[in-house]
Every structure is written in C-alpha cells, then in structure tokens.
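> next one to model:
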Amino acid sequence: MSGPAGTTPHASSRAAVLDVIRAAGTISRVGLVNATGFTGATISTVVRRLIDDGLVLETGRAESTGGKRRVLLQLNQSSRFAVGVHLDHAGITYVLTNLGGAVVARMSRAGVGTDDPPVVVARMATEVDALIEGAGADRSRILGLGLVAPGPMNQTSGMRLVPPAMRHWDDFPLDRELESATRLPVVLDNDATAAALGEHWSGDVGATSTFAAVYMGTGIGAGLMVNGITFRGASGNAGEIGHICLDVAGPECWCGARGCTEVLAGPAAVVAAARADRKLARAAGIDSGSGDPSRRLADFAAITRAALRGDTRAKELLERSARHLAVAARTLANVMDLDQMVLTGPSLALAGSIYLPVAQAELDRSFFSRATHGVTVRLSRSAATAPAIGAAALVLQSELVPLREGLRLPGNLADAEPTAQPAGR
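Residues are numbered from 1 along each chain as shown. The predicted structure is shown next:
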C-alpha cells in the first residue's frame, strides 16, 4: 500500500496522522507514534479529535505482544464523501467516493459536444445533484467536487490550450462557474494527474511511492507521483508524454509540434487509419467518412472489439499505436527512473490487453537502468473511470490531508508495528 512514507510534507500533525491511518488500513496509537515520530501525547490528542469528528473509528485489537492488546484505528469510510467529475468532449463521468476513495455511485453522461460552456455547467450541476441523491448521501458530509479535464490546465483561471474539440472552453472560468452552480467547493486538475492520484489514494500501487500512470482517453498523457506526492511541474502540467516528439518530420499535432506521441498513437490516429482502410472499417462497423470527434472513443472501441475477435488488420493497427506509446513510456521511465507504471484511462480500459504486453516488452528490452531494476507495467483496475476517481481523491487530499513544504515524516509503516497483527474484537 502506498502511503505517506518517508518525505511526505503535511500541513499539520492532524493531516499527517490521518494520512498514516488511511495508508495503513488499521494501526494502533503506538504504531502512529512509530510511523510519525510524534509524541504519545500528541498522538492521543490528535486521535481523540479525529474520533470526535467522526473521521476515525476504533476497530478491534491487535494480537497481544505480552502486554495489553493495542486498540486499532481505521478510517470511518462513510463519514465523508467527495464528488469526482471527468469532463471530456466524448463524455462526462461522475463518481461519488467515500473517505477511503472507494466508489459508492457512478454515472456517465453525454460529453460537452459543441454546447456553450454555461449550458454544460448547468447540466453538470443537475447531474451532480442526481448522483448525490441517487446514492442517498448526506450533502452536509460531501467535502467538495474535483473536476478534471484534458490538459493543459491553469489552476488559477481554468482551461488553456485545450484540444481542438474543446476550443470554445478556452479561458472559461470553469471552477468558479461550477462552484456557483453546485454549491460545492471545486478543485481543478489535469485528468492524467488525477488518475495517478486515484491509484495512490486507493492503495492500488502497493508499496511503490514513485510511479507513473500512463493515460489514454481521447488523448495521451501521464500522471506522476514522487515519494507519495503528485508531481505537477511549474504550471500543473507535468507528464505530457502525448507531446513527446517521436518523429521530427511527422504529422503536425494540435499542440503546434510535429510527430507527437498523441498524433501518432492516440485514438484519433487509430480511428483515422481504420477509416482509411475500407475493409477494416466495414469489419469494425465504423463510418469510413470523416467521422464525428464525439464518436472517437466509440469507434476506437469498435476497432478494439474487431481486434479481439481476431481481425488481423485491427490488431496490427492497435499494436502499431502501442509501440509508439511504449517508446514514449520508456522515455518517461528513463527520465524518472521508475520501477512501476500503470496503464489507465478509457481507451486503455478497452484495449489494455493489447497495449500492456507491448509496453512491458519495450521496457524489458530497452529501459536504460534495466541491469539494476526492471519496470513493472500493469493495467489499472479502474481504468475506465480513473480520472473521475482521482478527481474525488483531489478533494479528499486537499480537505483532509493537505500538504506543505516543511514537515517531513520518517516513516516506514511496515516498521511501525513489527509484531502487532489485526484481530477481531
């Protein structure tokens, strides 16, 4: 399980203790002292307040180590909730998660299309209300709404340099408008970055605290976690592997460069190549015409289904895309010296079984530090909804375990309680 180990700087002792409890699953007060370095008195005070606020529960006792059995603590999962929204021209995904980041409700609706932003925001507010009411959640326990979209994002003024299909969202004050419409605090971020945070918060990346989430939806990107902290870069747009140049003389990308990973390997490139092959287009059941950008994921899914049925043209097309993506992933692994990579996003939820072996083979063969350590590649368990889940995790982190530079915790959770094991009440 990934946690606050080592160098995570929390804004307060309360944030640090809550994050350790989240990461550990269950832990005693003595374990918290060992994991955080705080005094027993500080831990007792903080834990008592967390219990009074309903965020933490006492749950059973550890096995005896010769003295009194230690009382174990864990998050009160149903004490707070967060809404996560992934906004894309191909679709809008909503999730409601509990305090531990587990999804308690989800729904998908039509994308932004060509509608004006105020129209879409009004619709989103109605759909958020429906999500909350449908789950039977107490609105007073909802901490806020995380909103993620294809980057680049500007966290002070909304969306900038958006993909072509969302040009009409350029400079729209999305966070302020949605906050007003939903009456919930709103946090903005990039969808790939959010996907990485969601993997970290849920504990799905195991003990690794530095990893990348390679994301493919309608575009391509990556989210980075370094020592348990989201690495965003100077403007919040780190990890844009979709715009690594793979061919200096390649086709022009919407970002203004040439030969980018996204223009060579993204779903748009796959769908365009399939439409140009009339036999493949017929076999996959897609329109061989110019196509509608809002149908891009649906067409990519149709091509994937054809490949999985055994259509060699479809499989070759996807494997070509996978090779390009794998080279970009290797570049990222070399730069960051990664040992784990997660494939995620709606497109990889569909075609991950084709992309995964290609990416793993590329890293096994060509990763620079392979003589020292390998890079494990796996497919996210929640690839289809990863950005929305990560969006909710943004809220949970910002409201409950805010970070700052300064306070740094020692800490291997595995060493916090070397002999204590959970037991029943």
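> what segments of the chain are helices?
Applying DSSP state H to the chain gives helices spanning 13-24, 29-36, 40-52, 117-135, 174-182, 191-202, 261-265, 267-276, 278-284, 296-308, 312-336, 346-366, 386-400, 413-416.
> any buried residues in the fifth one, and which?
Read that as helix 174-182. 174-175, 177-179, 181-182 (16 or more other CB atoms under 10 Å). (C-beta placed from N, C-alpha, C; glycine too.)
> tell me what that helix is packed against?
helix 117-135, strand 142-149, strand 158-159, strand 186-190 (3 or more CB pairs under 8 Å, 6 or more residues apart in numbering; DSSP states H and E).
> so what's the nearest residue to residue 128 once chain neighbours are set aside up against?
Among residues not flanking residue 128 along the chain, residue 182 sits closest, at 5.2 Å (CB to CB, 6 or more residues apart in numbering). Contacts for residue 182 (CB atoms under 8 Å, 6 or more residues apart in numbering) come out as 124-125, 128-129, 145.
> out of these, which are buried?
For the contacts of residue 182, buried by 16+ other CB under 10 Å: 124-125, 128, 145.
> now, the most widely separated pair of the contacts of residue 182?
Between any two of the contacts of residue 182, the greatest separation by CB to CB is 11.4 Å, found for 129 and 145.
> separation between the nearest residue to residue 252 once chain neighbours are set aside and residue 247?
Spatially, and ignoring its direct neighbours in sequence, residue 252 is nearest to residue 258 (5.4 Å; CB to CB, 6+ apart). Distance of residue 258 to residue 247, given as CB to CB, to the nearest Å: 7 Å.
> ditto for residue 333
In terms of CB to CB, residue 333 sits 20 Å off from residue 247.
> give me the number of residues near the residue nearest to residue 252?
Burial measure for residue 258: 15 neighbouring residues, criterion other CB atoms under 10 Å.
> does it really touch residue 246, like I thought?
No - with contact defined as CB atoms under 8 Å, residue 258 does not count as touching residue 246 (9.8 Å).
> now residue 17: closest residue in space, sequence neighbours ignored.
In space, residue 17 is closest to residue 46, 4.7 Å off (CB to CB, 6+ apart).
> which of the helices of the chain sits closest to residue 213?
Short answer: helix 191-202, nearest of the helices of the chain by CB to CB, at 3.8 Å.
> the closest one versus helix 13-24: what angle between them?
Orientation check (axes from the mean of the first three to the mean of the last three CA atoms, to 10 degrees): helix 191-202 against helix 13-24 gives 80 degrees.
> how distant is helix 191-202 from the center of its chain?
With CA atoms, centre = their mean, to the nearest Å as the basis, helix 191-202 stands 2 Å off its chain's centre.
> list the buried residues for it?
Applying 16+ other CB under 10 Å to helix 191-202 flags 191-202 as buried.
> please report how far the nearest residue to residue 49 once chain neighbours are set aside lies from residue 21.
Nearest residue to residue 49, sequence neighbours excluded (CB to CB, 6+ apart): residue 14, at 7.0 Å. As judged by CB to CB, residue 14 and residue 21 stand 11 Å apart.
> got it, and residue 96?
If you go by CB to CB, the gap between residue 96 and residue 21 works out to 22 Å.
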